[in-house]
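Participant: Okay, here's the prediction I keep looking at, along with the sequence it came from:
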Amino acid sequence: MGKTALVLHWARRASAAFPDGRLFADLRGFGDTGEPAPLEILREFLLALGVPPRRVPESVAAAAALFRSLTDRRSLLVVLDNARSSAQVRPLLPGGTDCVTLITSRHRLDGLVASDAARPVPLDVLGPPDGTALLAGVLGEERVLAEPVAARRLAELCGGLPLALRVTAARLAGRPHRTLAGTADELADERSRLTYLDVEDTGVSAALRLTVQQLPPEAVHHFTRLGHHPGSHFDPYTAAALAGSDPVAAAAALERLAAAHLVTETGPGRWVLHDLVRLYARGLDPASGPEALVGVLDHCIATALAAADTAEPGGEPCFVLPQDYHRPTAVRDFTDRAAAMSWLAGEREDLALAAAAARSAGLEDRAWRIILLQWPHVVWRARDGWTPMLELALDAAVARSDPYAESRVRNLLGWVLSEEGRTAEAVALLEPSPGLARRAGDRLGEATALINLAIVQAEQGALDLALEGCGRALELARQEPDAHTEMLALQHLARMQLADGRPQDALDSARTAFDLGPEHEDAARRVLLLAVSGEAELALGAEAEGIRLLDRAADEAERAGYDEGAVGALEVLLRVTAAPQYVRRHEEAVRRLTDDG
């Protein structure tokens, strides 16, 4: 991170502020040569302050007391570089109130903060502009300005680490005919990146080795497994799954790693690894990669399953677990729907990365499950670019020759395509799905497939086919029996009956759905049932009741954060009333939906 360079640079610039001089000691807290004895450093300090050699005390306590006494009325700068612990530093602190001590360490030295009023100054990586400037400082501005895009790419591939940038610059400085773009291409390969970032006895790997060798074995074990994490961040549950431990042990290990600045806590319980640190950790134990990957994939399945069950209680499980599934030692609890949906939204990118890693590793049975378990979030934000991830799930299901999986994925992907207005593609995708589900003996999957196929058939104007399919889905749901799927079938049947000019039948279907009980209603379904009931009442001439039901639908959608449902209900309201409150609420809902998109 360039701690020593920064401190020495500042010390030179601030020399005028310390008229009595500057003292420097390398404490070698992380070196291979061993730490100097405290008495050895104090002796050098005391000699520099004018103490005759024969007057230097022979004990650490006496030497430290003399040092504090001599500095009591002086204005000194003391630099203690590369400290390993707070205990190593304390005897070397001066006594004067006009003295300043700068300490660098790979550890946080919380003890000094707690007992000696030290103020931590954490260093972050350099941004691309500063990283590029560092390269220019070594290579010269002309060379960097000749390839500005490549220079920025080099800064990014070095992750903003000053040491990595200096090593890269050193390699280029000795090879004046080498292009920055060519070097960037070499660094782009993760398998050899760390090799390029070492020169002689200096480099990123050497620096990290000195830090890791100070850690206890349990922390090292967790660190090496973190290198195999396919995602961008992790929590104690994820770390435990990777390491085969439990969240309590993982949290303790993460604290040790954070104290050594090997991981960074970006928020409560949320940690990240620098890209170069991740590559180093992965290289320490490459053989553990497959086991760590399976562990974290099954953790993703377990946690997403808990989130889906909380977000949509009573919903029909979308699959059985893999035969060789390893349940994590502990799974996160979600207190309510909001917490579950928040987790699904926050982990969307990492779940996609986990699924892609599973597919690349030939673990297709995990890949499609991890993606499919996000269905509550998919339904909630249908037009939010889910198609590429669902296509990956479909490829994984087809690769496994699993009709159960293929039907389930086709169901969700087909529905998303229909929501995106890609009706012809949706029909082509959904038509095989009921047959696949029947082949797998999955009656509820067949019912869902028939419902989704009916939706796109209705959009194409084939209402008779759609009503027939929805009716068959309703029969399957009742044969199982499964109230959740039955309610889904009734919801869409009501919408199709309304489109077919049968508002009373639509109202009856919606009421039958409500009669199944609130435990089978998710927020979105309740909003949609209220909206279709309101539209049916309007069609039957009961305008006041229709407006009341549509207002309830919009209100519940707004309170639940279901902006698509709010927009839909308010658009119908605005066809029958121009009340300012509905105009305003519609504008606000559209704005929220646009902003989210």
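Facilitator: Yes, it's here.
Participant: Please name the nearest non-neighbouring residue to Q504.
Facilitator: In space, and not counting its chain neighbours, Q504 is closest to L540: 6.6 Å by Cβ to Cβ, 6 or more residues apart in numbering. Quick note: C-beta positions are derived from backbone N, CA and C, even for glycine.
Participant: The one you found contacts D505, doesn't it?
Facilitator: No - contact between L540 and D505 fails when scored by Cβ atoms under 8 Å: they sit 11.0 Å apart.
Participant: who has more neighbours, these two?
Facilitator: Neighbours around L540 and D505, counted as other Cβ atoms under 10 Å, are more numerous at D505. The numbers are 17 against 14.
Participant: That one contacts Q497, doesn't it?
Facilitator: Yes - contact criterion Cβ under 8 Å: D505 and Q497 qualify, at 4.3 Å.
Participant: What's the local residue count around T264?
Facilitator: 17.
Participant: In this protein, which helix is the longest?
Facilitator: What stands out as the longest helix in the chain, according to DSSP state H, is helix 289-311.
Participant: Could you tell me the end-to-end distance of stretch 357-377?
Facilitator: One end of stretch 357-377 to the other measures 21 Å (Cα to Cα, to the nearest Å).
Participant: now the strands for the stretch 151-300 of the chain?
Facilitator: Using DSSP state E, counting those that start in this stretch, the strands of the stretch 151-300 of the chain run over residues 198-199, 202-203, 264-267, 270-272.
Participant: now the second one: how far from the chain's centre is it?
Facilitator: A distance of 31 Å separates the C-alpha centroid of strand 202-203 from that of its chain, computed with Cα atoms, centre = their mean, to the nearest Å.
Participant: Give the partner strands of that strand in its sheet and their orientations.
Facilitator: As defined by DSSP bridges, the strand partners of strand 202-203 come to strand 198-199 (antiparallel).
Participant: ok, and what's touching the strand it pairs with?
Facilitator: Residues outside strand 198-199 that contact it (Cβ atoms under 8 Å, 6 or more residues apart in numbering) are 167, 170-171, 204-206.
Participant: Likewise for stretch 518-530?
Facilitator: With contact meaning Cβ under 8 Å, 6+ apart, stretch 518-530 is reached by 311-315, 337, 376, 379-380, 483-484, 486-488, 491, 494-495, 510, 513-514, 549-550, 552-553, 556-557, 560, 562, 565-566, 569.
Participant: cool, and stretch 174-190?
Facilitator: Stretch 174-190 is contacted by residues 135, 143-144, 147, 149-151, 153-154, 157-158, 168, 171-172, 192-193, 196-197, 279 when judged by Cβ under 8 Å, 6+ apart.
Participant: hmm, try it at 6 Å
Facilitator: Around stretch 174-190, the neighbours that count as contacts under Cβ atoms under 6 Å, 6 or more residues apart in numbering are 147, 150-151, 153-154, 157, 172, 193, 196, 279.
Participant: from those, which is closest to R84?
Facilitator: Distance to R84 across those (Cβ to Cβ) is lowest for L279, with 25.1 Å.
Participant: Quickly note the distance from that closest one to T211.
Facilitator: 15 Å (Cβ to Cβ, to the nearest Å).
Participant: what about these two, which has more around it?
Facilitator: Remark: of L279 and T211, L279 carries more neighbours, 21 against 18, as counted by other Cβ under 10 Å.
Participant: Quick one: neighbours of the residue nearest to the more buried one when sequence neighbours are not counted, just the number.
Facilitator: Counting by Cβ to Cβ, 6+ apart, L279 lies nearest to L194, which is 5.5 Å off, once chain neighbours are set aside. Counted with other Cβ under 10 Å, the neighbours of L194 add up to 19.
Participant: ditto for R119
Facilitator: By the criterion of other Cβ under 10 Å, R119 has 6 neighbours.
Participant: helix/strand/coil for it?
Facilitator: Following DSSP: H, G, I helix; E, B strand; the rest coil, R119 is assigned to coil.
Participant: same thing with the one 5 residues further on?
Facilitator: D124 falls in the coil class when you classify it by three-state DSSP.
Participant: Could you check how far it is from G50?
Facilitator: As judged by Cβ to Cβ, D124 and G50 stand 40 Å apart.
Participant: Could you do F67 as well?
Facilitator: Using Cβ to Cβ, we find F67 at a distance of 12 Å from G50.
Participant: what number of residues lie near G174?
Facilitator: When neighbours are counted by other Cβ under 10 Å, G174 registers 9.
Participant: pLDDT wise, what is it at?
Facilitator: In this model, G174 is scored at 81, pLDDT.
Participant: could we number from 45 for the rest of this?
Facilitator: Yep, numbering from 45; the last one is G218 now.
Participant: which residues of the stretch 195-344 of the chain fall in helices?
Facilitator: Secondary structure of the stretch 195-344 of the chain (DSSP state H, counting those that start in this stretch): helices located at 206-217, 224-232, 237-240, 248-256, 261-270, 280-287, 291-303, 319-328, 333-355.
Participant: winner for burial among these?
Facilitator: helix 280-287 (a mean of 26; mean count of other Cβ atoms under 10 Å).
Participant: now that helix: mean pLDDT?
Facilitator: The pLDDT scores in helix 280-287 average 96.
Participant: got the contact list for the residue nearest to L323?
Facilitator: Counting by Cβ under 6 Å, 6+ apart, L238 touches 248-249, 323.
Participant: Repeat the analysis, applying 8 Å as the threshold.
Facilitator: By Cβ under 8 Å, 6+ apart, L238 lies in contact with 247-249, 320, 323-324, 327.
Participant: do V471 as well
Facilitator: Applying Cβ under 8 Å, 6+ apart to V471 gives the contacts 458, 497, 500-501, 504.
Participant: Out of the residues you listed, name the ones that lie in helices.
Facilitator: Among the contacts of V471, DSSP H puts 458, 497, 500-501 in helices.
Participant: Same list (these) but as a markdown table, adding neighbour count and pLDDT.
Facilitator: As requested, those are exported to a markdown table (neighbours: other Cβ atoms under 10 Å; pLDDT from 0 to 100):
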| residue | neighbour count | pLDDT |
| --- | --- | --- |
| G458 | 26 | 92 |
| L497 | 28 | 94 |
| V500 | 24 | 92 |
| Q501 | 26 | 93 |
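Participant: could I get those as a markdown table with distance to A69?
Facilitator: Shown next, in a markdown table, are these (distance: Cβ to Cβ, whole Å):
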| residue | distance to A69 |
| --- | --- |
| G458 | 69 |
| L497 | 76 |
| V500 | 75 |
| Q501 | 80 |
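Participant: re the thing from before, now, among the contacts of strand 242-243, which is nearest to T268?
Facilitator: Comparing the contacts of strand 242-243 against T268 with Cβ to Cβ picks out S249 as the nearest, at 13.9 Å.
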